[in-house]
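**Student:** Pasted the sequence and its predicted model underneath.
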Amino acid sequence: MTGRFSWLAHAEQTPIGLVDTELYADATAGVALVVAPALRGRGFGRRIIQALLARSELEATEVIRAGIEPENAASVRCFTAAGFIAEADTPDDEGIVYFRRPRCTA
């Protein structure tokens, strides 16, 4: 299955974040997350990711990946708190470290 989904996350009718997910034919997915700047550091990102992992649209997905610039410490903390593990210790040629998590352990 391939496709792309985006969800706007709300808390008490206030938009708090956006998650964009692209599904690939090899049963993997890529995810991008944005949390409203004024609401960062409150655990919303981790909760959005956890909700994403439970989505039925990702049922056939085995692994979800996120590419993060290593200097974006907040995103690294957010994804690792949600159970993602870095695939490498150093960034790739574009300066990105990829983090991955099996969906089945959500």
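**Tutor:** Thanks, I have it.
**Student:** Based on its surroundings, how many neighbours for Gln62?
**Tutor:** Wrong residue type there; residue 62 is Glu, not Gln. Glu62 is flanked by 12 other residues according to other Cβ atoms under 10 Å. (Each C-beta comes from the backbone N, C-alpha and C, glycine too.)
**Student:** The protein: helices as residue ranges?
**Tutor:** 44-53, 73-81 (DSSP state H).
**Student:** residues of the first one that come out buried?
**Tutor:** The neighbour-count check on helix 44-53 (16 or more other Cβ atoms under 10 Å) flags 44-49, 52-53 as buried.
**Student:** Do a quick rundown of the strands in the chain.
**Tutor:** Assigned by DSSP state E, the strands in the chain fall at 3-11, 14-23, 28-35, 63-68, 85-86, 97-102.
**Student:** The second one to strand 3-11, inter-axis angle?
**Tutor:** Orientation note: strand 14-23 sits at an angle of 160 degrees relative to strand 3-11 (axes from the mean of the first three to the mean of the last three Cα atoms, to 10 degrees).
**Student:** For strand 14-23, output the C-alpha coordinates as PDB.
**Tutor:** This file holds the C-alpha atoms of strand 14-23, laid out as PDB (Å, rounded to 0.1, in the frame of the first residue of the first chain):
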ATOM      1  CA  THR A  14      -6.800  24.400  19.700                       C
ATOM      2  CA  PRO A  15      -4.600  23.100  16.900                       C
ATOM      3  CA  ILE A  16      -1.400  21.900  18.500                       C
ATOM      4  CA  GLY A  17       0.400  20.100  15.800                       C
ATOM      5  CA  LEU A  18       0.500  18.500  12.400                       C
ATOM      6  CA  VAL A  19       1.800  15.000  11.400                       C
ATOM      7  CA  ASP A  20       2.300  14.100   7.800                       C
ATOM      8  CA  THR A  21       2.900  10.400   6.900                       C
ATOM      9  CA  GLU A  22       3.900   8.900   3.600                       C
ATOM     10  CA  LEU A  23       3.300   5.100   3.100                       C
END
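**Student:** Before I go, just wanted to say thanks for your time.
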